[in-house]
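Asks: Following is a predicted model, sequence given first.
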Number of protein chains: 4
Amino acid sequence: MQIQKEDSKERILKVAKEEFLIKGFKDASMRVIAKKSGVGLSNIYNYFRNKDEIFCEVMSSVLAAFRKMVDDHNAPEHINLNVFTNSDFQHIMINDFLGLINKYRQELKLLLFYSHGSSLENFKEEFIQESTETGKAYLQKMKEKYPHLNSNISPFFIHTISSMWMNIIGEVVTHDELLDSEIEDFVREYIAFSTAGWKRLMKA
Amino acid sequence: MQIQKEDSKERILKVAKEEFLIKGFKDASMRVIAKKSGVGLSNIYNYFRNKDEIFCEVMSSVLAAFRKMVDDHNAPEHINLNVFTNSDFQHIMINDFLGLINKYRQELKLLLFYSHGSSLENFKEEFIQESTETGKAYLQKMKEKYPHLNSNISPFFIHTISSMWMNIIGEVVTHDELLDSEIEDFVREYIAFSTAGWKRLMKA
Amino acid sequence: MQIQKEDSKERILKVAKEEFLIKGFKDASMRVIAKKSGVGLSNIYNYFRNKDEIFCEVMSSVLAAFRKMVDDHNAPEHINLNVFTNSDFQHIMINDFLGLINKYRQELKLLLFYSHGSSLENFKEEFIQESTETGKAYLQKMKEKYPHLNSNISPFFIHTISSMWMNIIGEVVTHDELLDSEIEDFVREYIAFSTAGWKRLMKA
Amino acid sequence: MQIQKEDSKERILKVAKEEFLIKGFKDASMRVIAKKSGVGLSNIYNYFRNKDEIFCEVMSSVLAAFRKMVDDHNAPEHINLNVFTNSDFQHIMINDFLGLINKYRQELKLLLFYSHGSSLENFKEEFIQESTETGKAYLQKMKEKYPHLNSNISPFFIHTISSMWMNIIGEVVTHDELLDSEIEDFVREYIAFSTAGWKRLMKA
DNA sequence: CATGAATGAGAATTCATTCAT
DNA sequence: AATGAATGAATTCTCATTCAT
């Protein structure tokens, strides 16, 4: 019947991703995925153990890239006390983020907005938590090195800033229509905004 | 059997709110709500047309308060070009927000995180959109009044800032454990952070 | 459509019993039960929480009768050291059993042979265990009262005798075709057989 | 990948036996058997026509041994009118049984308790039926040879005694924990019990 | 205002088996 | 002898909602 043979798995993944983006993980139906993939419903289970495994496989590449990026930024040679205040540094980091976003726009959308019910539903919260801890550690080091600076920032503020990062990613990812130039404008503005903000906070 | 008679509706609303907070709108079950309310399942439909109407009714008070607050802040006498840069002004506004949050913590949680599947699922997006338009109008007026200031902020930046506000509300609402003092610290920090940011952006 | 209205539950129970007797608990299908009952599949779940609850309800009467009979026989005034050796006593007990069997033939069949997968699947084993303990207690008392008798019977023998009782019930229940006279013959023979057996064992 | 090549069949049989013992014939899954055997699911069908054939092959040895034992005992030179009443004779027979049980404990368990759904599910009943006929023939011969003895035993009693034999086998097979000495005690007791029983029945 | 029965579509997953290679 | 894809029917149970009384 179907012309294709072995790419069933790829078709399933492709269709599943589309369905997840339309309905969300929980409301996406295996029946529909099967039908749209031109694959027998039960046959899907020869490729994936369950719906969650499909979701995770759809997400695997972005998760790996995400993890790699975070680890790179946390690598010892990059640990630098200017993270928040140095706009060059921020530029690099943001551009990395933008690269990720451009490549994995759909997956990030799924991760941030459509993962409810899957085993990745807590990813965002967990990542925020992790970022918060990283942020606290930065401030701790700062306090040691530059005692004259105010590094006495409340934990909840750091948490909120981490959350904002995720929020920004969510916004960029959601707005497919943004031109590159618009994003660049935004980035410039955000860097100006936040570096000024951090300077003020820490000079107090 | 049941002592109460007419407060059935109140009991339904109370139980429904709890269920929505536990399961989310979509996954909350009418059966469970009926059982926990001590009300016959079909009887619920004498009080509400459907599950969505329950959700909206649960949410009606917070929506009204929200609307009122926004309208108040947008009232002509409050329109003021110091919105972003004057920290006193921000303080007032934030305190209003905090009052709302304290009073409607659960409802806001529902609105921001548990409304998927309901007719209010787009509330957050719509509100962000509205705020964005308001923000744009402010800047427009600013440009007219103080031509020397930079009011050429990209629409997406404004949108993102609006989104951040919602995000912050979400964070505060989520963290029930925060002490008042911690929130005060956070507010002071955030005001310092953002007013500095805005000043820098507009002076450019 | 259907002429009957309120007896749906009864029809479901009746049909379910039939299906269980044909297919066994596990292989009986809710769909089939629904179809044969002239009831919508999902409607069954207005009457019963799940398949197991149907089974238990089908079985409730026989379980109660069973329990009552056992308790009666274990009542203090009936505790008697001639249980095994006195044929009159056995006659009474057996006749009670036969009454039960006649009344609950199908249910007993379900309980003994068709309960696999249900929450009652261990009933037989548990009952044998209980009977074994009761048997041991009898022998213990006997030892105290008539020291000259041999009451040193191995636990496994007692267990096996208990199991045999269940086995006999199973056989009688299975053979619907037996005439009352045939059962009477059997009972007479079995009593002769077993009382002689016990006497020999205990005189040793 | 796998070191073994041709013993695939043996591995399948071994694993299948384990699965049957855990889940029963019907609930044992071909997929699981394949996975645990390290054999492709469809490859199993190169060795066996279907699940039933696996079960039968697992059971073939015990069935042959069972058949042989029964035939031996029914051989003309062994036909003896003391079957029931002579304890020496019973001892021999029982020891044969115990040998079988020790060697084929698992298979007997499968045959008696886990064969539901397979083509051997009626083995027990059929064997009981066969034993019953054999028993009747014995009694018939007895009646001819010793007219003064009561050989007028009801068919259902004979059937039940045959069933008891199977029941006893089931109990012994089930209780893996029994020591040899405990089994010996039990056998001695059972022989005493049943020979006394039979004597009483036939002298009447 | 309340009840309980009914509906019909929907969910994910599992099954033994077959087929083409 | 082995693989992996495919099949098609089956499973129990849940859902929001409606209807007649």
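Replies: Thanks, I have it. What you see is a predicted model, and the numbers here were worked out from it, not measured in a lab.
Asks: which residues touch the strand or helix carrying A:Ile54?
Replies: Element membership for A:Ile54 (DSSP states H and E) is helix A:51-74. The contact list for helix A:51-74 (CB atoms under 8 Å, 6 or more residues apart in numbering or on different chains) reads A:12-13, A:16-17, A:20, A:25, A:28, A:30, A:33, A:44, A:48, A:78, A:93, A:96-97, A:100, A:103-104, A:107-108, A:110-111, A:115, A:118-120, A:123, A:127, A:130, A:134. In short, each C-beta sits where N, CA and C put it, glycine included.
Asks: Mind doing that once more with 7 Å?
Replies: A:12-13, A:16-17, A:20, A:25, A:30, A:48, A:78, A:93, A:96, A:100, A:104, A:107-108, A:110-111, A:118-120, A:134 (CB atoms under 7 Å, 6 or more residues apart in numbering or on different chains).
Asks: are any of these buried, and which?
Replies: For these, a burial check counting by 16 or more other CB atoms under 10 Å in any protein chain shown picks out A:12-13, A:16-17, A:20, A:25, A:30, A:48, A:93, A:100, A:104, A:107-108, A:110-111, A:118, A:120, A:134.
Asks: Checking A:His148 next. Helix, strand or coil?
Replies: Secondary structure state of A:His148, per DSSP: H, G, I helix; E, B strand; the rest coil, is coil.
Asks: no wait, A:Met202
Replies: Relying on three-state DSSP, one would call A:Met202 helix.
Asks: Read off the pLDDT value for it.
Replies: A:Met202 is assigned a predicted lDDT (pLDDT) of 88.
Asks: for A:Met93, same thing?
Replies: 80.
Asks: Then the one 5 residues further on?
Replies: Per-residue confidence at A:Leu98 stands at 89 (pLDDT).
Asks: Residues of chain A that sit close to chain B?
Replies: A:153-154, A:156-157, A:159-160, A:163-164, A:167-168, A:171, A:175, A:178, A:182, A:185-186, A:189-190, A:192-194, A:196-197, A:199-201 (CB under 7 Å from any CB of the partner chain).
Asks: Give the PyMOL command for selecting the buried subset of those residues.
Replies: Per 16+ other CB under 10 Å, the buried members of the residues of chain A next to chain B correspond to this PyMOL selection:
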select buried, chain A and resi 153+154+156+157+159+160+163+164+167+168+171+178+185+186+189+190+192+193+194+196+197+199+200+201
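Asks: How is chain A divided into domains?
Replies: For chain A, automatic domain parsing gives the domain ranges A:1-48, A:60-203.
Asks: other SSEs contacting the worst-scoring helix or strand of chain A on mean pLDDT?
Replies: Ranked by mean pLDDT, DSSP states H and E, the helix or strand of chain A with the weakest confidence is helix A:87-103, at a mean of 83. The contact analysis (3 or more CB pairs under 7 Å, 6 or more residues apart in numbering or on different chains; DSSP states H and E) places helix A:87-103 against helix A:51-74, helix A:155-174, helix A:180-203.
Asks: buried set for the helix holding A:Ile54?
Replies: For helix A:51-74, by 16+ other CB under 10 Å, it's A:51, A:54-59, A:62, A:65-66, A:73.
Asks: Could you list the alpha-carbon positions for it in PDB?
Replies: In PDB, the C-alpha atoms belonging to helix A:51-74 read as follows (Å, rounded to 0.1, in the frame of the first residue of the first chain):
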ATOM      1  CA  LYS A  51       3.800   7.600  23.800                       C
ATOM      2  CA  ASP A  52       6.300   9.000  26.200                       C
ATOM      3  CA  GLU A  53       9.100   7.300  24.400                       C
ATOM      4  CA  ILE A  54       8.000   8.900  21.200                       C
ATOM      5  CA  PHE A  55       8.000  12.300  22.900                       C
ATOM      6  CA  CYS A  56      11.400  11.700  24.400                       C
ATOM      7  CA  GLU A  57      12.800  10.700  21.100                       C
ATOM      8  CA  VAL A  58      11.400  13.700  19.400                       C
ATOM      9  CA  MET A  59      13.100  15.700  22.100                       C
ATOM     10  CA  SER A  60      16.400  13.900  22.400                       C
ATOM     11  CA  SER A  61      18.300  16.100  20.000                       C
ATOM     12  CA  VAL A  62      17.300  19.400  21.700                       C
ATOM     13  CA  LEU A  63      17.900  18.000  25.100                       C
ATOM     14  CA  ALA A  64      21.400  17.000  24.100                       C
ATOM     15  CA  ALA A  65      22.200  20.300  22.600                       C
ATOM     16  CA  PHE A  66      20.700  22.100  25.600                       C
ATOM     17  CA  ARG A  67      22.800  20.100  28.000                       C
ATOM     18  CA  LYS A  68      25.900  20.600  25.900                       C
ATOM     19  CA  MET A  69      25.400  24.300  25.800                       C
ATOM     20  CA  VAL A  70      24.900  24.600  29.500                       C
ATOM     21  CA  ASP A  71      27.900  22.500  30.300                       C
ATOM     22  CA  ASP A  72      30.100  24.500  27.900                       C
ATOM     23  CA  HIS A  73      29.000  27.700  29.600                       C
ATOM     24  CA  ASN A  74      29.700  26.300  33.000                       C
END
